[in-house]
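> Provide a 3D model corresponding to the input given below.
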Amino acid sequence: MPDSRCFVQFHHPGREQRPGPGGGQEWNRRAADDGCAPTETCGPGHARKFIQLCGDWIDEDGISGTGDLWAWGEWEAESELLRELDQMGDPGFPRHLWLPYYVRRQHGYRGLHNTDPFIFGGRFLYSNCHQRWKSRLRHLSRGSVIAFGSKKGDWVLDTVLVVAGSVEYVAEAAGDSLPDWVPGAFLDVTAGPLADNDAGVSFRLYWGATPTDPVDEMFSFFPAVEAGGDMGFKRPSIELPDECFTRTLQMGAKSTPGLAPDTARQLWDSLVQQVRDANLLLGTHAAVPPRREA
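As a prediction, this is how the structure comes out:
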């Protein structure tokens, strides 16, 4: 299958992570059947978290800022519960605020979820999810736009990755073949679980465009707000043309290949505008969560 510029509406499970028995959250575990099955149903620990990040953003006027952000994202490793938030009776708002961190596993990562997409460090990364079952996801060309989100009444968005480049790799060799492309934490929280749970499987690592290195004037981002207050925010609802978007999508990924650069840009522009219409910032960078000792 040749590479193609695509728009990808990418569903991944979106329930909010709840605290564990000790108040914090341990590393989320995969299902007993080795994680995501061909039905695209993932294990019980797979969830989104509302997290506090140190990062960069762009506001509605195109002005950049740096500081603490709040955002919805995937982080399957450990997290510290910072506090509860006021939902005002609306379950679309987050109930818990998390500070992500991780502990390197001395005895391997068997049975643990990996974090994908990985929005931390110099560039956003998409490395494996659904690629075993959706071959098109291993053939995205530069300029493709991936909208990660989930069905929560409306279809809601948490991450946009604009493909800037990619490299193929085999799961068990990720630690040897990917260090030049990824931060060290990625090798622990994503590549480690892949190596121990998906041996023999080939994937493709994609890295995202940034505001300082855009593709067709597009860059990767996540909806965010500046940290503070008693409430978080609801993930923004998204509407796009029917030919590339399914309002009821609840599993897998819908890929629309063969797009002209202008078409991909129009879809990206629409995502940006809908995030801004929800009074949210475009988060463009997040610091890598710290590693802690066991």
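
> Tell me how many other residues crowd Tyr126.
Using other CB atoms under 10 Å, Tyr126 has 28 other residues around it. Every residue, glycine included, has its C-beta placed from N, CA and C.

> From here on, call the first residue 34.
Done: numbering now begins at 34, and the last item shifts to Tyr159.

> quick one: buried residues of stretch 318-327?
Residues 318-319, 321-322 are the ones in stretch 318-327 that count as buried (16 or more other CB atoms under 10 Å).

> which outside residues touch the longest helix along the chain?
Ranked by number of residues, the top helix in the chain under DSSP state H is helix 294-310. For helix 294-310, contacts defined as CB atoms under 8 Å, 6 or more residues apart in numbering pick out 38, 40, 93, 176-178, 180, 190, 193, 195, 249-251, 254, 256, 269-274, 277, 292, 315.

> which of the residues you listed count as buried?
By neighbour count, with 16+ other CB under 10 Å, these hold 38, 40, 176-178, 180, 190, 193, 195, 249, 251, 254, 256, 269-271, 273, 277, 292, 315 as buried.

> Mind exporting the C-alpha coordinates of the longest helix of the chain to CSV?
Extracted in CSV, the C-alpha atoms of helix 294-310 (Å, rounded to 0.1, in the frame of the first residue of the first chain):
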residue,chain,number,x,y,z
PRO,A,294,-2.7,19.8,0.6
ASP,A,295,-5.4,22.5,0.6
THR,A,296,-8.1,20.1,1.7
ALA,A,297,-6.0,18.8,4.6
ARG,A,298,-5.3,22.4,5.6
GLN,A,299,-9.0,23.3,5.5
LEU,A,300,-9.9,20.4,7.8
TRP,A,301,-7.0,21.5,10.1
ASP,A,302,-8.2,25.1,10.1
SER,A,303,-11.7,23.9,11.0
LEU,A,304,-10.4,21.9,14.0
VAL,A,305,-8.4,25.0,15.2
GLN,A,306,-11.4,27.3,14.9
GLN,A,307,-13.7,24.9,16.8
VAL,A,308,-11.2,24.6,19.6
ARG,A,309,-10.9,28.4,19.8
ASP,A,310,-14.7,28.7,19.6
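
> Now do the helices in this structure.
Counting by DSSP H, one finds helices in the chain at the ranges 207-210, 217-219, 225-230, 294-310.

> Identify each buried residue in the first one, please.
What it means is helix 207-210. Neighbour-count burial for helix 207-210, with 16+ other CB under 10 Å as criterion, is recorded at Ala207.
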